[in-house]
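Trainee: Requesting a structural model of the entry that follows:
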Amino acid sequence: MDTVKGLVRTKSFWVFTLVALLGGIGAIYPIPILGLAIAAFTIFGVSLQGVETVLTQKEIDRKHASVLKEIDKARKDAATQHTEAMQEIAQARGEAAKQHTEALQEIGQARKEAAIQYAEAAQEIKKARDEARAENILLKAEKFATSLMEKDEMVNEAVALCSDFKQRELRQLGIEMSIAVIDGYDPVTQRGIMVAGLGRGMGGYKKLERNEIARFAATAINYLQENILETTMPDADGLLYLACMYGYQQRFEDMIRIIGQAVKIDEKIKVKFQQRKMLQMLLRTCESDQIKLEELRKCLGVPLVSKKTFCEFLQNFDLTGFNGFIEWIAIKRPSASGEKGTFLIKITPPYPSNEGKVSASGQSIKSWDFETVISNAEPVTIEELYEALHSLFILFCPVN
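Mentor: Numbers count the residues shown, from 1 in each chain. Okay, here's the model as predicted:
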């Protein structure tokens, strides 16, 4: 149908149709000129057909060229789109790879953070467990240790588990060991003796051996130096005991330095330094050296003892409800006979019933032996007592 429509549209079709009609007429009517017309129209139709064929071919060629151009353009567009698509794909792959790398990095970082958090949590759990175990050991040490040495082992075991307890516990242990050195007995052992003796009378005191005292003094110094002296905020009470341990070891320069630090922190600590047992430790390192005694006296703010101050002290002593001896701490003079070192002078009070007369004896801090200075059987005046004591001792100060 399309072919017929296309044929009808051509001019040559109508020319040949006219030729056919003329041929039909010529067949019916013999007209000579009609043959010429038919021939002419036939030539014209053939020519016209040729022209149409040429035009048609040109149109076909034009359309073909146009189609080829369109195809080439389409190919170029497709190539461009392909290139762009490949670039977009490459870019997408690059971004995907980048995102993948970033994701892996984030995952790696998250794993690291999770591992750190897990490790920290594990450490906190371990620390909490160790702290609980350490507190339990410290409780046992406080309640059930039978000696300072055993308590020392238990406290150090607890400190090894939890270092947070180190400064507090070793400071306290250093002070307890210092007290043992000062008193001459193990307070932990003594507590057990006292508990065991309840209901059966006093159990008495178990004195420490010299080697035990020396060991306690050395250990106490280590603990107090590290946990009091070397801290940013040393306390005066801790320095008090450290100075006493230096005194026991006869380390005069160290002792004076620590006394100065303690007094600088708390001026009132001088009162504690002047207690009898403390002075006994401090005076060990002075022996009979007048220069050291005067330096110690100056550090503690202890006034010089003269005959006047000595006599006034005894004469004004409050005897109301008082029982016992009036005690002075003193140092045996190098020229005096007998045992040397620090002595505790025990003076009978000047009771009015005895006409205010007095007697005295000296007890060695080292051996605890007594030396009679003025016999009870032959008491003397306070002035005479001073002369007797002054000839044998360097009087330091009265003690409570």
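Trainee: how far is stretch 146-159 from where the chain is centred?
Mentor: Using CA atoms, centre = their mean, to the nearest Å, the mean C-alpha position of stretch 146-159 is found 24 Å from that of the whole chain.
Trainee: what's in contact with that stretch?
Mentor: Taking contacts as CB atoms under 8 Å, 6 or more residues apart in numbering, the residues outside stretch 146-159 that touch it are 133-135, 137-138, 140-142, 145, 165-166, 169-170, 173, 176-177, 180, 186-189, 192, 216, 219. Where you see a C-beta, it was placed from the backbone N, CA and C, and this is true even at glycine.
Trainee: In ChimeraX, how would I select just the buried ones from those?
Mentor: Command for ChimeraX that selects the buried part of the contacts of stretch 146-159, burial taken from 16 or more other CB atoms under 10 Å:
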select :134,137,138,141,145,165,166,169,170,173,176,177,180,186,188,189,192,216,219
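Trainee: Let's see which of the contacts of stretch 146-159 end up in helices.
Mentor: 133-135, 137-138, 140-142, 166, 169-170, 173, 176-177, 180, 187-189, 192, 216, 219 (DSSP state H).
Trainee: who touches residue 284 in this structure?
Mentor: Neighbouring residues of residue 284 by CB under 8 Å, 6+ apart: 247-248, 250, 341-342, 365.
Trainee: On the pLDDT front, check it for me.
Mentor: Looking at residue 284, its pLDDT stands at 90.
Trainee: now the helices for the stretch 1-150 of the chain?
Mentor: Taking DSSP state H, counting those that start in this stretch as the test, the helices found in the stretch 1-150 of the chain are 2-8, 11-28, 32-144, 148-161.
Trainee: Mean pLDDT and distance to residue 358 added to those helices, as a markdown table?
Mentor: Converted to a markdown table, the helices of the stretch 1-150 of the chain look like this (pLDDT from 0 to 100; distance: least, CB to CB, whole Å):
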| stretch | mean pLDDT | distance to residue 358 |
| --- | --- | --- |
| helix 2-8 | 60 | 159 |
| helix 11-28 | 68 | 171 |
| helix 32-144 | 80 | 46 |
| helix 148-161 | 95 | 40 |
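Trainee: deepest of those, which one?
Mentor: Using mean count of other CB atoms under 10 Å, the stretch among the helices of the stretch 1-150 of the chain with the largest mean neighbour count is helix 148-161, at a mean of 19.
Trainee: Please export the C-alpha coordinates of that helix as CSV.
Mentor: Extracted in CSV, the C-alpha atoms of helix 148-161 (Å, rounded to 0.1, in the frame of the first residue of the first chain):
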residue,chain,number,x,y,z
LEU,A,148,55.4,-5.2,114.6
MET,A,149,57.6,-7.3,112.3
GLU,A,150,54.6,-9.4,111.3
LYS,A,151,52.5,-6.3,110.9
ASP,A,152,55.3,-4.8,108.7
GLU,A,153,55.1,-7.8,106.4
MET,A,154,51.3,-7.7,106.1
VAL,A,155,51.3,-3.9,105.5
ASN,A,156,53.9,-4.2,102.8
GLU,A,157,51.9,-7.0,101.2
ALA,A,158,48.9,-4.7,101.2
VAL,A,159,50.9,-1.8,99.8
ALA,A,160,52.2,-4.1,97.0
LEU,A,161,48.6,-4.8,96.0
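Trainee: Tell me the gap between it and the middle of its chain.
Mentor: 22 Å.
Trainee: now stretch 230-242
Mentor: Relative to its chain's centre, stretch 230-242 lies at 22 Å (CA atoms, centre = their mean).
Trainee: quick one on the thing from earlier: who wins for proximity to residue 331 among the helices of the stretch 1-150 of the chain?
Mentor: Of all the helices of the stretch 1-150 of the chain, helix 148-161 sits nearest to residue 331, with 30.1 Å by CB to CB.
Trainee: what sits against residue 288?
Mentor: Residue 288 neighbours (CB under 8 Å, 6+ apart): 331-334, 340, 394.
Trainee: What separation is there between the spatially most central residue of the chain and residue 125?
Mentor: By CA atoms, centre = their mean, the chain has its centre lying nearest to residue 164, at 8.8 Å. Distance, residue 164 to residue 125, using CB to CB, to the nearest Å: 16 Å.
Trainee: And for residue 364?
Mentor: For residue 364, the distance to residue 125 equals 58 Å [CB to CB].
Trainee: any idea which of the contacts of residue 288 is closest to residue 93?
Mentor: Closest to residue 93, out of all of the contacts of residue 288 and judged by CB to CB, is residue 331, at 96.6 Å.
Trainee: Assumed that closest one was part of a strand.
Mentor: Yes. Counting by DSSP: H, G, I helix; E, B strand; the rest coil, residue 331 is located in a strand.
Trainee: Setting aside sequence neighbours, what's the nearest residue to it?
Mentor: residue 394 (4.5 Å; CB to CB, 6 or more residues apart in numbering).
Trainee: Mind checking what secondary structure the one you found has?
Mentor: Per three-state DSSP, residue 394 ends up strand.
Trainee: how close does it get to residue 326?
Mentor: 18 Å.
Trainee: for residue 268, same thing?
Mentor: Counting by CB to CB - residue 268 and residue 326 are separated by 24 Å.
Trainee: that older thread, now the buried members of the contacts of residue 288.
Mentor: For these, buried by 16+ other CB under 10 Å: 331-332, 394.
Trainee: Now do the contacts for the nearest residue to residue 340 once chain neighbours are set aside.
Mentor: Excluding its sequence neighbours, the residue lying closest to residue 340 (CB to CB, 6+ apart) is residue 332, at 4.8 Å. Applying CB under 8 Å, 6+ apart to residue 332 gives the contacts 288, 338-343, 362, 392-394.
Trainee: now do 6 Å
Mentor: Contacts for residue 332 (CB atoms under 6 Å, 6 or more residues apart in numbering) come out as 340, 343, 393.
Trainee: Ok, which of the helices of the stretch 1-150 of the chain comes nearest residue 380?
Mentor: Once the helices of the stretch 1-150 of the chain are compared by CB to CB, helix 148-161 is nearest, at 44.9 Å.
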